[in-house]
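Undergrad: all I have is the shape, not the residue letters:
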């Protein structure tokens, strides 16, 4: 296995992180944008490929990609983000080291059955904080030279 891939269940994380849950109550697009920025920073700091999946509304699965950004998918009508995550893990689970971030226990069990690993929303938040702290320490160390 080569690349590390982190697949994030967007709404599971938004509703588990108090800061994002409060933003969602005010404006759901703001919470999605903030999570996207946080995960883009995480990808930049760690080199882990990040895929963020949200429930969508359109007739087809849509993908948003900005140069240097993370992949963001929206499920199509009649399907959930969980469906998209399960398909991604089933398709790529043997090719990549995939970790799914969700607090949905059924989704965790399904991802594990397809060969993925799972972490909770709280564990994802810790990974993000640890990546920032590691970067800050390394920056200070290099600037001290």
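TA: Cool, the structure landed. Note that the structure is predicted; figures quoted are calculated from it, not measured. Numbering: from 1, shown residues only.
Undergrad: show me what stretch 127-144 is in contact with.
TA: Outside of stretch 127-144, the residues within contact range by Cβ atoms under 8 Å, 6 or more residues apart in numbering are 38-39, 41-42, 45-46, 119. Quick note: C-beta positions are derived from backbone N, CA and C, even for glycine.
Undergrad: most neighbours among those residues, which one is it?
TA: residue 39 (24 neighbours; other Cβ atoms under 10 Å).
Undergrad: that one looks like it's in a helix, true?
TA: Yes - according to DSSP: H, G, I helix; E, B strand; the rest coil, residue 39 belongs to a helix.
Undergrad: next one, pLDDT for it please.
TA: pLDDT recorded at residue 39 is 97.
Undergrad: which ones are touching it?
TA: Contacts of residue 39 by Cβ under 8 Å, 6+ apart are 6, 8, 50, 52, 70, 128.
Undergrad: likewise residue 56?
TA: Residues counted as contacts of residue 56 (Cβ under 8 Å, 6+ apart) are 62, 73-77, 81.
Undergrad: for these, work out which two are farthest apart.
TA: Based on Cβ to Cβ, the longest span within the contacts of residue 56 runs between 73 and 77 and measures 14.1 Å.
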